[in-house]
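S.K.: Fold the following, please.
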Amino acid sequence: MGSDEARPGLAPGSHGVAGTLFAALYGELTPRPDRAPDTDRDPYGQFHDRALAMGWLDSLWGMNDAGREHPLAAPGSSLVTWFQVGVDSVPGDRPLPVQPFLRCAGDVTARLGALRLQSAQVLLPAQSLDVSARPQHARMPSLSTAAWFDDVRSATPVHVTLDSGQDPVVPAVARRVHRLLGELDQNVFRCESLAERVPAPPPLPDTFWSGPPHHRVTFRGTLSEWSLDAIGWLGGFLADLAAREGAGVPLLLTVTSP
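M.R.: Alright, predicted model coming up:
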């Protein structure tokens, strides 16, 4: 098996999977000059070890897969790395663990080289959120950490696309989501308008969600900073918002800096 081939497995202690978190990072990677040329460490092993070291592997996600090239990637795409984990049902007081997931993905990619990120695609298993277990005043647990980004002044224009695949639920809630993006107490993503945009197809099996992509909405706005940390927070926030508005299905999030 080559060093870039991913090996699926089930993390010890995992008790079943309610949904799949998947991320694909696109851009330009400048290899690290200090990376050992004879290393057999691949993204799968690095992701596993990093998640284990941070206490995320058993507590936030279970089965995992990772790699560089992907057989479903669009020809000529600038895919750099991809990562896949299985999540259990999320406790009512927590958002989907998208932020630590992308943090782990970013740490692994940084071991390979310096990433000039152009776009990130994340499958959000919003069906893993039990919104009925949340009291009315705590329907959006992601909002409790939005202030983490308030002392940063590096706003970046972005396009943010949510796609529910063959399920038409996203267009049905698009107007409500657009309105709430401006009303909820957060400054991480400032939504300006709806836009028309068709992202690149994801390297994602249709069986993971209601694929292929079809029913989508794109928001144009600014992200407080162009980082996987901010994109991760936004993913958890949009999953909370979508589930609250009745779109508790797997959603493909694409965030692109024009």
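S.K.: how about the strands in the stretch 151-258 of the chain?
M.R.: With DSSP state E, counting those that start in this stretch, the ranges of strands along the stretch 151-258 of the chain come out as 156-163, 189-195, 216-223, 250-256.
S.K.: how much does the longest helix along the chain deviate in direction from strand 250-256?
M.R.: In the chain, taking DSSP state H as the definition, the longest helix is helix 228-244. Relative orientation of helix 228-244 versus strand 250-256 (axes from the mean of the first three to the mean of the last three CA atoms, to 10 degrees): 140 degrees.
S.K.: Helix 228-244: how far from the chain's middle?
M.R.: 8 Å (CA atoms, centre = their mean, to the nearest Å).
S.K.: orientation of that helix relative to strand 189-195 in degrees?
M.R.: 60 degrees.
S.K.: how about helix 228-244: buried residues?
M.R.: 228-244 (16 or more other CB atoms under 10 Å). From N, CA and C alone the C-beta is placed, and that goes for glycine too.
S.K.: got it, and stretch 205-219?
M.R.: Buried, per 16+ other CB under 10 Å, within stretch 205-219: 208-211, 213, 215-219.
S.K.: Figure out the length between the terminal residues of that stretch.
M.R.: 25 Å (CA to CA, to the nearest Å).
S.K.: and it, how far out from the chain's middle?
M.R.: With CA atoms, centre = their mean, you get 14 Å for stretch 205-219.
S.K.: who's in contact with it?
M.R.: Under the contact criterion CB atoms under 8 Å, 6 or more residues apart in numbering, stretch 205-219 has outside partners 20, 22, 72, 123, 159-171, 174, 177-178, 181, 189, 191-199, 201-202, 204, 249-252.
S.K.: residue ranges of the helices in this structure, please?
M.R.: Here the chain has its helices, by DSSP H, at 43-53, 98-112, 169-183, 228-244.
S.K.: quick one, which of those is packed in tightest?
M.R.: helix 228-244 (a mean of 25; mean count of other CB atoms under 10 Å).
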